[in-house]
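1. Curious how this folds, go ahead:
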Amino acid sequence: AFCRGRIVRVPKGPLIRVVGTEVAIPCSVSDYDGPSEQNFDWEFSRDTDFVRIVSTWDSTFTSEEYQKRVGRGDIKLRRSSNDAVELVIRNIQPADQGRYKCSTPSTDATVQGNYDAEVQVKVISDGLSVSGSKARSSASLRLSEGDSFKLRCSATSTSPEHTHLHVTWQVRSGASWRDILSLTHEGKFQPGPGYEERYRSGDVRLDTGANDTYGLSVSQASSADGGAYRCLVSEWVRGADGSWQKIQEKSVEIATVSVQRTGECSWWAGNVSVTERDSLDLTCNITTDRSGIFQAEVMWYFSVSPDDTLSDAQLLLSMDHNSVVSDSTLISLSHVDRNSYRLLVRDVDVEDSGYYFCEAAIWVPLHNGSWHKVVERTSAPVSVVVTALEPDYDVFLNASKTPKFSDDPTELNCRITNIQDTEANIRFTVSWYYRQHLPGDDVVAEELLASMDADWTLLPGERGRDRIQNGEIIFFKKSADTFSLRIQWTSESDRGDYFCVISAWSRHRNNSWVKSKDVTSAPVNIFWATQDYTLTVEAVKLKPFFVAGHTFEMTCKVSSKNIKTPRYSVLITAEKPLTDQSGPNGTTRIISLSQDSVVRLEDWTDQTRVDGVVLEKVQENEFRYRMYQTQVSDAGLYRCVVTAWSPGGGGMWREAVNGLSNPIQIDFQTSGPVFNVSVHSDSPTIYQGEVADLLCIITMEGMPLEPDDMSFDVSWFAVRSFALDREPVLLASLDRRGIVTQSRRNGSSDLSVERISPLEFRLRVHGCEDHDFGNHYCVVTPWVRSATGAWQREPDIRAKPVFLSVKMDVLNAFKYPLLIGIGLATAIGLLSCLIGYCSSRWCCKKEVQETRRERRRLMSMEMD
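-> As a prediction, this is how the structure comes out:
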């Protein structure tokens with residue numbers, strides 16, 4: 001197990017062979033080094049010395065004793081692989097009995113393993129004899145289908161060794177022999193391919209008898225059993241390794257058997273056509289040459305395809321050899337005469353179309369009173385076509401409702417007219433189709449909207465499936481002969497041709513429904529002319545002159561064309577100087593009124609005048625806008641933005657068109673004061689932790705005002721960048737009532753806003769941090785008291801920003817870290833010196849003793 005070397009193998013001996021047969025002795029080598037193809041030498045010995053027989057690599061290897069046999073090919077080497085050969089000896093003789101040695105020349109780097117092997121060959125005499133029955137050795141049997149026959153052969157062996165016989169019966173109907181049944185050398189029965197079922201049923205048997213006879217019994221002979229029969233016998237012996245080895249084989253032909261056909265099934269060939277509800281009459285004729293007593297068994301089959309087998313076909317009716325007929329309601333089977341059998345199918349249906357054929361078997365009585373099937377035949381299929389009874393009717397399609405505008409309803413009625421030749425078991429269904437209407441001769445394939453099956457179940461098509469499920473398209477049946485299609489809200493994509501297909505369904509015997517006819521209606525075109533929507537809006541100012549504090553009032557009148565039952569939504573806008581609530585073009589949305597008369601404040605943010613604007617509907621096409629207590633800041637251009645809506649599907653509104661009115665201007669001519677704002681800081685550059693002071697200074701030009709007649713809303717903003725390219729951040733605000741509002745801050749710095757004079761406001765940033773830098777400015781909203789005592793809001797004024805820079809105090813920042821670092825370094829240095837001194841003084845002290853040297857005078861070299 002732990003070594004590896006060359007191994008030469010031959011079969012384990014002795015090998016027993018019969019004189020006159022061909023012997024093949026294999027030899028193989030494994031676990032070798034060198035080339036993959038190995039060479040072999042064979043030698044033979046009867047006593048002690050070995051004689052060289054043949055070699056794979058040396059043509060001069062053969063000894064003179066074997067040169068003639070090797071030259072004739074009676075002895076040769078047959079290579080089976082690179083590492084295996086066979087020594088073949090034809091017509092082996094008793095002189096060839098002895099020891100055979102197979103050796104391989106070494107191709108290994110080192111000598112390991114065995115390089116030769118020997119096997120003993122024993123040659124015995126031929127003691128096997130095979131013969132047929134003397135009375136039937138050359139017989140020729142002529143049989144009829146269903147008959148039985150028996151064949152016998154005799155096989156004996158007088159071999160001196162303990163051998164077993166293997167007997168096989170074979171038949172040849174063509175060029176090759178086929179195995180029927182074998183009795184193996186191990187005493188087992190083995191049927192040949194195709195004979196397994198007949199062996200299990202007992203129709204094919206192999207019997208052993210006296211005087212070493214072996215008989216083949218075949219029952220229920222068929223035409224396939226015809227041919228030449230022979231008995232093949234082989235002799236086997238168990239080898240030294242326990243395996244069975246075949247040493248010889250002999251055969252003898254016993255008889256030639258021919259089997260004649262005894263019966264046929266036939267009927268008139270051709271196609272049979274029958275009308276629905278009529279009867280189908282077919283006759284099966286049986287012809288046979290049997291003259292004795294027999295009975296016929298008949299079975300009728302139906303299949304859809306002429307190529308179906310009996311297992312695939314449907315059994316309709318059968319009558320056994322005792323004339324017992326299977327039960328069926330609409331199908332009957334009768335015996336017309338001795339050889340004719342009639343099949344009658346009443347009230348045929350379209351589903352009865354197909355192929356019909358009959359299978360007949362002939363039974364004969366046995367001597368014990370039982371019946372035996374001798375032959376079975378199947379007729380050729382006949383094609384039967386059942387013509388359906390089609391009802392006669394017409395289909396008419398008309399539109400009871402046609403749209404004139406988008407979203408109008410559409411209703412189509414598909415009516416069945418001129419109904420003739422219909423029965424109670426006829427049912428009608430409808431399928432609706434749409435085809436887009438294109439100019440010219442362009443052809444567009446129709447699209448299925450919906451269809452109905454035989455159970456009147458609606459099956460929506462791909463087009464409009466969602467609309468059908470949402471109820472926008474409805475299919476219903478008005479009466480027994482009228483089917484309707486309704487589109488609740490017709491859109492422009494629904495314009496086109498519509499047509500319906502009425503299908504007639506017939507009920508079959510199994511209560512199933514089969515479509516028998518389709519009739520298509522003429523198309524109906526759904527179309528309406530479309531025109532562009534037109535919307536005109538006119539704004540009128542009711543009071544041409546007014547002053548601040550009075551009420552501004554204007555009306556918007558709307559007119560439209562080509563819009564069905566329109567409703568309008570109105571939006572009041574004002575074009576003012578750019579503010580935070582303005583749109584990109586400086587437009588502010590003030591108030592709106594929807595098509596359902598719902599009022600909504602849009603960008604109106606003046607909390608003191610929440611009820612200061614009103615938008616109402618005066619008439620169906622007229623709207624009025626009022627703004628109470630107008631202020632100077634309300635100056636600008638006012639417009640009405642009107643949207644026309646038309647009714648859409650599902651009770652929804654669909655936007656049709658938008659319109660914009662002419663502008664109405666509000667302009668206050670006043671000689672009041674003019675305010676200017678500026679931001680100032682004494683120290684725009686500060687260090688972290690310090691306080692930053694920013695002053696918002698308001699100056700006034702023109703007519704002076706008393707401090708009690710004016711007030712200001714001040715808001716402080718910061719832009720955290722150098723180039724003002726970011727969004728401003730609200731810091732804090734102080735309204736005119738003195739209420740301070742601060743925004744949320746992330747840092748530790750704090751803010752304070754205060755009024756230090758009627759026209760000066762201060763912003764302080766306490767404990768500045770680096771994120772407090774940036775451009776800072778204030779926005780001031782002046783409020784002026786009018787002569788009537790009302791407060792008027794002036795336009796917002798924005799100051800020019802001042803950049804606030806926050807620096808870091810390097811000395812203060814590094815003072816404490818430096819002091820702490822120097823102190824720690826000094827302490828650690830002193831501690832290190834102390835530890836070193838103590839270690840050298842007490843811990844690592846070591847006394848060193850010098851070796852005492854004697855002082856002697858030098859000797860001379862000679863004395864040394």
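
2. Tell me where the longest helix sits in the chain.
-> For the chain, the helix that runs over the most residues, judged by DSSP state H, is helix 810-838.

3. what element comes up after the worst-scoring helix or strand of the chain on mean pLDDT heading to the C-terminus?
-> Among the secondary structure pieces of the chain, namely its helices and strands, strand 263-266 has the lowest mean (mean pLDDT, DSSP states H and E), a mean of 59. Of the helices and strands lying after strand 263-266 in sequence (DSSP states H and E), the nearest is strand 272-275.

4. Phi, psi for the spatially closest residue to residue 758 that is not a sequence neighbour please.
-> Spatial nearest neighbour of residue 758, chain neighbours left out: residue 707 (4.4 Å); criterion: CB to CB, 6 or more residues apart in numbering. Quick note: C-beta positions are derived from backbone N, CA and C, even for glycine. Here the main-chain torsion angles of residue 707 (degrees, to the nearest 10) amount to phi -60, psi -30.

5. cool, residue 70 as well?
-> In this entry, residue 70 is assigned phi and psi values of phi -70, psi -40 (degrees, to the nearest 10).

6. What mean pLDDT does the top strand by length along the chain get?
-> Ranked by residue count and defined by DSSP state E, the top strand of the chain is strand 244-260. For strand 244-260, the mean pLDDT works out to 88.

7. and it, how far from the chain's centre?
-> When C-alpha coordinates are averaged (CA atoms, centre = their mean, to the nearest Å), strand 244-260 and its chain have centres 60 Å apart.

8. Quick check: which element contains the closest residue to residue 217 other than its chain neighbours?
-> Of all residues not flanking residue 217 in the chain, residue 205 sits nearest, at 4.4 Å (CB to CB, 6+ apart). Mapping residue 205 onto the secondary structure by DSSP H and E places it in strand 204-209.

9. For stretch 331-349, C-alpha coordinates in CSV please.
-> Listed next in CSV are the C-alpha coordinates belonging to stretch 331-349 (Å, rounded to 0.1, in the frame of the first residue of the first chain):
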residue,chain,number,x,y,z
ILE,A,331,-75.5,5.9,-29.7
SER,A,332,-76.7,2.4,-30.6
LEU,A,333,-74.9,-0.7,-31.9
SER,A,334,-76.8,-3.4,-33.8
HIS,A,335,-75.9,-6.8,-35.4
VAL,A,336,-77.1,-6.6,-39.0
ASP,A,337,-76.0,-10.1,-40.1
ARG,A,338,-73.2,-12.6,-39.2
ASN,A,339,-70.4,-10.3,-40.4
SER,A,340,-71.9,-6.8,-40.3
TYR,A,341,-72.3,-4.4,-37.3
ARG,A,342,-74.1,-1.1,-37.5
LEU,A,343,-73.3,2.1,-35.5
LEU,A,344,-76.1,4.7,-35.3
VAL,A,345,-75.5,8.1,-33.8
ARG,A,346,-78.7,10.1,-33.3
ASP,A,347,-79.0,13.9,-33.2
VAL,A,348,-75.4,14.6,-34.3
ASP,A,349,-73.6,17.7,-33.3
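
10. Could you chop the protein up by domain?
-> 6-124, 128-260, 264-387, 392-526, 534-666, 674-810 (the TED database).

11. Any chance of these in a markdown table with distance to residue 840 and mean neighbour count as columns?
-> Listed next are these as a markdown table, based on distance: least, CB to CB, whole Å; neighbours: other CB atoms under 10 Å:
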| stretch | distance to residue 840 | mean neighbour count |
| --- | --- | --- |
| domain 6-124 | 72 | 16 |
| domain 128-260 | 93 | 16 |
| domain 264-387 | 113 | 15 |
| domain 392-526 | 99 | 16 |
| domain 534-666 | 81 | 16 |
| domain 674-810 | 44 | 15 |
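
12. list the contacts for the most centrally placed residue in the chain?
-> Nearest to the mean C-alpha position of the chain, counting by CA atoms, centre = their mean, stands residue 462 at 21.9 Å. Taking CB atoms under 8 Å, 6 or more residues apart in numbering as the contact definition, residue 462 lies against 447, 448.

13. Which of the three states applies to it?
-> Classification of residue 462 into helix, strand or coil gives coil, according to DSSP: H, G, I helix; E, B strand; the rest coil.

14. again, but for the one 4 residues further on
-> Secondary structure, three-state DSSP: residue 466 is helix.

15. Which pLDDT value goes with it?
-> What the model reports for residue 466 is a pLDDT of 86.

16. what do you get for residue 711?
-> At residue 711, the predicted lDDT confidence score is 92.

17. do residue 737 as well
-> Looking at residue 737, its pLDDT stands at 87.

18. And it, its phi and psi?
-> In this entry, residue 737 is assigned phi and psi values of phi -90, psi 0 (degrees, to the nearest 10).

19. okay but residue 797 is in contact with residue 674, surely?
-> No: Residue 797 is beyond contact range of residue 674, at 9.7 Å (criterion: CB atoms under 8 Å).

20. these two touch, right, residue 689 and residue 768?
-> Yes: between residue 689 and residue 768 there is a contact under CB under 8 Å: 6.7 Å.

21. And what about residue 48, helix, strand or coil?
-> Reducing the assignment at residue 48 to three states with three-state DSSP gives coil.

22. Counting neighbours, which bits of the longest helix of the chain end up buried?
-> When neighbours are counted by 16 or more other CB atoms under 10 Å, no buried residue of helix 810-838 is found.

23. what distance separates it from the middle of the whole chain?
-> Centroid separation between helix 810-838 and its chain, computed with CA atoms, centre = their mean, is 74 Å.

24. Which strands or helices does that helix pack on?
-> Counting contacts by 3 or more CB pairs under 8 Å, 6 or more residues apart in numbering; DSSP states H and E, helix 810-838 is packed against no other helix or strand.

25. quick one: average confidence on it?
-> Here the average pLDDT along helix 810-838 is 86.

26. Apart from its neighbours in sequence, what residue is nearest residue 609?
-> Ranked by CB to CB, 6+ apart and with sequence neighbours excluded, the top spatial neighbour of residue 609 is residue 629, at 6.5 Å.

27. How much space separates that neighbour from residue 789?
-> Taking CB to CB, to the nearest Å as the measure, residue 629 and residue 789 are separated by 12 Å.

28. Residue 620 now?
-> As judged by CB to CB, residue 620 and residue 789 stand 41 Å apart.

29. Am I right that residue 841 is in a helix?
-> Yes: with the criterion set as three-state DSSP, the secondary structure at residue 841 is a helix.

30. Look at it and report its pLDDT.
-> Per-residue confidence at residue 841 stands at 81 (pLDDT).

31. And for it, the neighbour number?
-> Using other CB atoms under 10 Å, residue 841 has 9 other residues around it.

32. any idea how far it is from residue 515?
-> The separation that residue 841 has from residue 515, given CB to CB, amounts to 122 Å.

33. Please, where are all the strands along the stretch 1-150 of the chain?
-> Per DSSP state E, counting those that start in this stretch, the stretch 1-150 of the chain carries strands over the ranges 7-9, 15-18, 23-30, 41-45, 51-55, 75-81, 84-89, 98-103, 116-124, 128-132, 139-144, 149-157.

34. closest one to residue 190 among those strands?
-> Put simply, out of those the one that sits nearest residue 190 is strand 149-157, at 16.6 Å, with distance taken as CB to CB.

35. what packs against the closest one?
-> strand 128-132, strand 163-172, strand 213-218, strand 227-238, strand 244-260.

36. Quick one: those as TSV, columns for distance to residue 82 too.
-> Supplementary listing: the helices and strands packed on strand 149-157 in TSV, determined by distance: least, CB to CB, whole Å:
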stretch	distance to residue 82
strand 128-132	37
strand 163-172	34
strand 213-218	45
strand 227-238	31
strand 244-260	26
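
37. To residue 414, which of those lies closest?
-> strand 244-260 (68.7 Å).

38. partners of that closest one, with directions?
-> strand 139-144 (parallel), strand 227-238 (antiparallel) (DSSP bridges).

39. Appreciated, that's everything.
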